[in-house]
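# need coordinates for the following:
(one chain, ligands or ions: 1)
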Amino acid sequence: MIKAIIVEQGEDRAVSASVQEIEESRLPDDGDVDIAVEYSNINYKDGLCLNGLGGLVRSYPHVPGIDFAGEVTASRDPNFKPGDKVIMGGQRGGEVRWGGYATMASEQSQRLVHLPDGMTTRESQMLGTAGFTAMQAIMRLEANGMTPEGGEVLVTGAGGGVGSIATVLLARRGYAVAAMTGRAEIADYLTGLGAARIVDRAEMADDPGKVMESAVWGGCIDCVGGQILGRAIKQMKNGAGIASLGNTAGATMNASIIPFLLRGVSVYGIDSVTVPLPQRAEIWTALAAEMPKDVLAGMCSEIGLGEVIEHGRQILDGKVRGRIIVDVNR
Ligand SMILES: NC(=O)c1ccc[n+]([C@@H]2O[C@H](COP(=O)([O-])OP(=O)(O)OC[C@H]3O[C@@H](n4cnc5c(N)ncnc54)[C@H](OP(=O)(O)O)[C@@H]3O)[C@@H](O)[C@H]2O)c1
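Next up, the predicted model:
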C-alpha cells in the first residue's frame, strides 16, 4: 500500500481531495522508472489542481503534485538504476499525469533529471518548479542581453515562490532588484533576500494609461501579469526584456505597443513545463551552484502530506510566503 492525496470528482462534478491508502498497483502503468518519493512542494498550480480549478486535471481520480524528488527503486531504463536520486518537474506531471503527493510514483524516464551534485532531494523541492522557472527566466533575459549594468530589474509578485527565488538569484548575480509586493509587512523579508528596494503593488497597479512612461527597468521578471505587466512594458529601458511567467493578477492587459516600436522592448514567454531535458539539467545545475542553502532554508517551511490540502487553498488566496516543502512520508 502507498499513501497519496487523491482528488476525486463526485456525480455533481464537485471536486474533493483526501489522503488515502491505495494499492501501489493503481499507479500509472506507462512509467519505466519507479520512485520512492521523498519530498514534494506546493506551487500555485498545485492549489488549482487540488481544488479542481483551471481545467488542468483531465481525469479523476487524480494524484496532484507537479514537483517531486526521490530515490529510484526499479528501472527499465539503463540510464537510471535503483538508488539513483532523481527530480521530476513540469511536463504536466501532477496535472494530466499522477504527480508527487504520494509515497511512490511511476514515471517515464525521459521526464526525469538526475539530482545535481551538491543538492539534496529536500533542497531540490525547496526550489521546485518555482526555483526552476526563476532561473529559466533569468537565463532567458541574459541570453537576450540583460546585464547588471543595464539598470534595476523589477520582480513582480516578489513575495511568492518564483519571485522570492528570482530576487535572491538576481541579487547574487549583481543585479539591483526592485521587488514589487502587495504585502508591506514582508518588505524586510524581501530586502533580506537581496532586494535593493520595494515597489508597492497598489502604486504599480494604478496605471495612468499613458502610452509610455519614464524608462526605469533594465529587465523584469513578471510573476503576476494582468495590468501590472501592461504597465511594466511602458516603463522598460531601451532594448530591455520582460520574462512573463505568471498571471496571479490576471491574464489580460491593456497595453501599448509603442514601447516595442520606440524602445525595442521585448516580452519573452516562459514555459517551464516543456523545457527539453538537456536544458532542464543545465538549469538544475545552475541552481545547485548559485542558490545559497542558508537563504533557501530561511524562505521555506515544511509540512506533511496531511497538511497539503489546506495549504493548497492558502496559496490560491495569496497567503503563502516563500516556499512550502512537503515531506510525503510524514
Ligand atoms: N510559466 C511557468 O512555467 C510557471 C512556472 C511556475 C509558476 N508559474 C506561475 O507564476 C505565478 C507565480 O507562481 P508562484 O509559485 O510564485 O505563486 P505564489 O507563491 O502564490 O506567488 C504569487 C505571488 O503573486 C502575488 N499576487 C497574488 N495575488 C495577486 C494579485 N491579485 N495581484 C498582483 N499580485 C498578486 C503575491 O505576491 P506579493 O504578495 O509579494 O504581492 C503572491 O505571493 C503563478 O501564476 C504561477 O502559476 C508559471
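# what's near enough to touch Ala249?
When contacts are counted by Cβ atoms under 8 Å, 6 or more residues apart in numbering, Ala249 is found next to Thr156, Gly157, Ala205, Val224, Gly225, Gly226, Gln227, Ile228, Leu229. C-beta here means a position set from N, CA and C on the backbone, and glycine is covered the same way.
# residues from the stretch 201-330 of the chain in reach of the ligand?
If contact is defined as Cβ under 6 Å from any ligand atom, the residues of the stretch 201-330 of the chain in contact with the ligand are 201, 223-224, 245-249, 270-273, 315, 318, 320.
# name the member of those with the most neighbours.
When neighbours are counted as other Cβ atoms under 10 Å, the busiest of those turns out to be Cys223, with 31 neighbours.
# for burial, what's the neighbour tally of the nearest residue to that residue once chain neighbours are set aside?
With Cβ to Cβ, 6 or more residues apart in numbering as the criterion, Cys223 has its nearest non-adjacent residue at 3.4 Å, and that residue is Gly157. When neighbours are defined as other Cβ under 10 Å, Gly157 has 28 of them.
# ditto for Ile22
Burial measure for Ile22: 16 neighbouring residues, criterion other Cβ under 10 Å.
# out of the residues of the stretch 201-330 of the chain next to the ligand, which comes closest to the ligand?
Taking Cβ to the nearest ligand atom as the measure, the ligand lies nearest Gly246 of these, at 2.4 Å.
# can you tell me the centre-most residue of this protein?
Centroid-nearest residue in the chain, with Cα atoms, centre = their mean: Ala130, separated by 2.2 Å.
# so the helix or strand Ala69 falls within, near the ligand or not?
Remark: Ala69 resides in strand 67-75, with elements defined by DSSP states H and E. No - applying Cβ under 6 Å from any ligand atom, one finds strand 67-75 out of contact with the ligand, separated by at least 9.8 Å.
# list the contacts of that strand.
Outside strand 67-75, the residues touching it (Cβ under 8 Å, 6+ apart) are 32-41, 43, 80-89, 93-94, 99-100, 104-105, 109, 115, 121-122, 124-125, 128-129, 328.
# hang on, Gln91 is in a strand, isn't it?
No - the assignment for Gln91 by DSSP: H, G, I helix; E, B strand; the rest coil gives coil, which leaves it out of any strand.
# give me the nearest residue to it, chain neighbours excluded.
Spatial nearest neighbour of Gln91, excluding adjacent residues (Cβ to Cβ, 6+ apart): Arg111 at 5.0 Å.
# count of neighbours near that neighbour?
19.
# how far out from the middle of the chain is stretch 316-330?
Mean C-alpha position of stretch 316-330 versus that of the full chain (Cα atoms, centre = their mean, to the nearest Å) differs by 12 Å.
# in it, what's buried?
With burial defined by 16 or more other Cβ atoms under 10 Å, the residues of stretch 316-330 counted as buried are Leu316, Val320, Arg321, Gly322, Arg323, Ile324, Ile325, Val326, Asp327, Val328.
# which one among those gets closest to Ile6?
Each of the buried residues of stretch 316-330 was scored against Ile6 by Cβ to Cβ, and Val328 proved nearest at 13.5 Å.
# returning to what we had before: and which of the buried residues of stretch 316-330 is nearest to the ligand?
Using Cβ to the nearest ligand atom, Val320 comes nearest to the ligand of those, at 5.4 Å.
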